[in-house]
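> Compute the structure for the input listed below.
(2 chains)
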Amino acid sequence: MNRHSSVAVTVCLLVTIVACNPGGGESGFRPMEPGKVLFWDRQTTETADLLRKMIDEFNTGREGPAVEAQYAGDYSDIFRKVRASIQARAVPDMAVAYQSMTSEYVRAGACLPLDPFMADPAAGLSSEELGDFFPVVLETNRLPQFGGKMYSFPFCKSVLMMYFNKRVLAEAGIQQAPATWDEFLEQCRQIKAKTGKSAYAVSVDASTIDGMVYSRGGDVIDGNTTLFDSPPAMDVFRLLETLAKEELAYQIPPGSADDKVAFSQDRVAFVFRSSSHRTNMTLLMEGNLDRWGIARLPQADPAKPTTVLYGPNICIFDTTPEQSRVAWDFVRFFTSRENTVRWALATGYVPIRKSAADHPEMKKFWDAWEYNRTAFDCLPFARSEPTCAGWQEVRGLIEDAETAVLSQLRSADEAARELKKAADAVLAAG
Amino acid sequence: MIFERILGPLDSLFDRIGRRKTGDAPLAAFLLVPAVLVLGVFGIYPLFFSIYISLFDLRMGRGAFCGLENYTEALTTPNFWHSLVVTLYFALGTIPVAMALSFLVASALFRIVRGRSILRTVYFLPYVTSVVAAATIWRVLLNPHYGLVNAALGAVGFEETRWSQWLLEPKGVLYLATGGLIPESVGPSLALCCVILFEIWHSSGFMIVILLAGMTAIPRELEESARIDGANWFQVTRRVTVPLLSPTIFFLLIISAIKAFQAFNSFYALTGDGRGPVNATQNMTVYIYASFFLNGREGYGAAVATLLSVAIVALTLAQWRFVGRKVYYE
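Purely as a prediction, here's the structure:
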């Protein structure tokens, strides 16, 4: 290739690259699979079967594009995939998302506000219907940093719970699950002393840390500044430090279910997981309901309990008006009273409507085991986690801090201070 | 046959167009088109595009031109340097050990007459096994509570210590080995050492096969005459085998260094997210991945990717310059 040809090829290449305009001239998105209302979800096994069955019922007899659920990995996988699809400007019609994820999608201009759908006289929700939802499950979807608009709708809701193994507690001579954090630590020590077992298998998780802070009467954010150096947050890290130093707790590999396995084998007394793990835990405990129980998180003040509201919402992406409309219709269908009860009974998620409490099937289920209603009873005082953009990155920092304390790489105070500094920097960068 | 049918008429066509002036160049250019297209679309274009977007503060596909800010940010961010250090530890931990081990195994296999093919296949098996599948098995083996490794260590009387945390341990091996005399941030973490061990196990098969092929090409009479002159195994290896094998070793060195700097699958599959405990296994590629897909900063991720490419090119040139000189070509 001579010099002129080289220059020509280089110029062509540069023109092509610049023509791609990475700065973002193109604003619209297109559906990933036109003619289909694609829904990216994370349900597996029996719950996925139920979801598909409900989708089939929704699609039956309807004209226009049909809803199709696609398993897209866990929540983090879905977040990564949606991000990649936004970069490619070809998005699914719906996806499950936590609020911090939704904020990122909204920031990219990919998510539709749901207020117009909700206010639609024909296909919206009446004020009575809206009043039937627990306020916390609706409010958590309003994003203050984006004009307080609803950018997602509650889909599968659950709360952070403490699972306790009655056999291990009995071995240590403990009759009742702890109600306060002081009791929790005391019981952990008693279990170690009497049985030689670690009391608590820790699944490192930012939401659990948030829940522990809330249950101590604290908060994790104030405006755009985190509160990880506040006394309640420091106390959480100090508790973890004590648990690790005294070998009362151990960390399980990320993403594994080792804590639940250890729990089912009577090797630990406590596991902190969302209430949605109830069905899975029942299977692991081979249906023996006398061996274990579910309680709300230990609290600093049991008279003012708090826990974390878990569970994804569903957001609708800006594909085509027709497909977005079908997506909204599906959201409305899925969150009807009958369906929220049906979903809760089969999955371990909590029903998101107040009227579910009067549903005969729900009552029957709650009467079947004394702990079946515990999660639902937590809903009135459950709190959602921060929704601001950047929080998703902060979650990773929280988990790093937790791991650093559990592995005794950092002291509690060091980890909390470093976390605050790093998290504030992320939030400040916007 | 097919090629003849296609190329024959093409050759005649180019003859008619006027081969006398241009020789075989038009036909050669024509035949190169598919390869150039593939390389251009999937290699050259992404490379230049990556450099281009590294000049933008791109987040989720949108962002303004920011010049060299992403590069400045990368070079002043501790996480970038940490990931570079992890990458260097990984390269230094895998390449020399894997090459030495492979050389020893290849030498042994070369001398074995019966069963050599079977053994060669056995050693090559890890390389053809999917990284994800193999890493999943390793994760199970190294599980602190249910893993076979800890069970075996326990059975032979080893107490449960911090060593037993394996992939969950962010502290340095030197810290653990010296009981805390060396700071925990010095040297690779235990989690990273597990990844290094996995990579050695996984990549050795390829090196063994290449080295065996190289050894086969060495004239036997050279080694035999050295032995007749009284040289022992070590002397024969040092004075005859290694020099004659140096082009093969040099090839493996270049390939392994590039692979080590680009390693991603083993990190991701072994640790679940690539980063490991407190970023203990976050190498450059994982850092790029995190910048792109976890933190949604494509411009910044592209800048780090460009810096990584520069580092790889520089390393390869340095290898040519300093190691290439010592290669003996017959």
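> does the spatially most central residue of chain B sit in a helix, a strand or a coil?
The centroid of chain B falls nearest to B:Lys259 when counting by Cα atoms, centre = their mean (2.0 Å). Three-state assignment for B:Lys259 (DSSP: H, G, I helix; E, B strand; the rest coil): helix.
> Kindly provide the distance from it to A:Pro298.
To A:Pro298, B:Lys259 is 49 Å away according to Cβ to Cβ, to the nearest Å. Where C-beta positions appear, they are placed from N, C-alpha and C, glycine not excepted.
> ok, A:Met101 - how many residues close by?
The number of residues packed near A:Met101 is 26, by other Cβ atoms under 10 Å in any protein chain shown.
> okay, now the domains of chain A?
Chain A breaks down by automatic domain parsing into domains covering A:30-157+A:311-376, A:158-309+A:385-429.
> To clarify, my last question referred to chain B.
Annotated domains of chain B cover B:2-53, B:70-326 [automatic domain parsing].
> Out of these, which is closest to A:Arg417?
Comparing the domains of chain B against A:Arg417 with Cβ to Cβ, the closest turns out to be domain B:70-326 (15.0 Å).
> Just the terminal-to-terminal distance for the closest one.
One end of domain B:70-326 to the other measures 39 Å (Cα to Cα, to the nearest Å).
> Okay, the closest residue to the residue nearest to the centre of chain B other than its chain neighbours and B:Phe124: tell me how far apart.
What sits nearest to B:Lys259 in space, not counting adjacent residues and going by Cβ to Cβ, 6 or more residues apart in numbering or on different chains, is B:Ser203, at 7.4 Å. Going from B:Ser203 to B:Phe124 by Cβ to Cβ gives 11 Å.
> Between the two, tell me which one has more neighbours.
Between B:Ser203 and B:Phe124, B:Ser203 has the larger neighbour count (other Cβ under 10 Å), namely 24 against 16.
> before we move on, which element is residue 52 in?
All of this is about chain A. Using DSSP states H and E, A:Arg52 maps to helix A:45-59.
> was after chain B, sorry
Per DSSP H and E: B:Tyr52 is located in helix B:45-53.
> okay, now A:Glu183: neighbour count?
Neighbours of A:Glu183 using other Cβ under 10 Å come to 16.
> Are we agreed that it is in a helix?
Yes - assignment of A:Glu183 by three-state DSSP places it within a helix.
> Which residue is the nearest non-sequential neighbour of it?
Computed as Cβ to Cβ, 6+ apart, the closest residue to A:Glu183 that is not its neighbour in sequence is A:Pro298, at 6.5 Å.
> now A:Glu286
That would be A:Ser264: by Cβ to Cβ, 6+ apart, it lies 7.9 Å from A:Glu286.
> Surely the one you found touches A:Met285?
Yes - at 5.4 Å, A:Ser264 counts as touching A:Met285 under the criterion of Cβ atoms under 8 Å.
> Neighbour count: those two, which is higher?
A:Ser264 (22 against 18).
> re earlier: I'd like to know which elements the helix or strand immediately after the helix holding B:Tyr52 in the chain is packed against.
Of the helices and strands lying after helix B:45-53 in sequence (DSSP H and E), the nearest is helix B:69-75. When contacts are defined as 3 or more Cβ pairs under 8 Å, 6 or more residues apart in numbering or on different chains; DSSP states H and E, helix B:69-75 sits against helix B:298-318.
> who touches the helix or strand that contains A:Glu414?
Using DSSP H and E, A:Glu414 sits in helix A:412-429. Helix A:412-429 is contacted by residues A:224-229, A:233-234, A:237-238, A:240-241, A:388, A:390-391, A:393-394, A:397-398, A:400-402, A:404-405, A:410 when judged by Cβ atoms under 8 Å, 6 or more residues apart in numbering or on different chains.
> sorry, back to before: now the helix holding B:Tyr52: buried residues?
Buried positions in helix B:45-53, judged by neighbour count with 16 or more other Cβ atoms under 10 Å in any protein chain shown: B:Phe48, B:Phe49, B:Ser50, B:Tyr52, B:Ile53.
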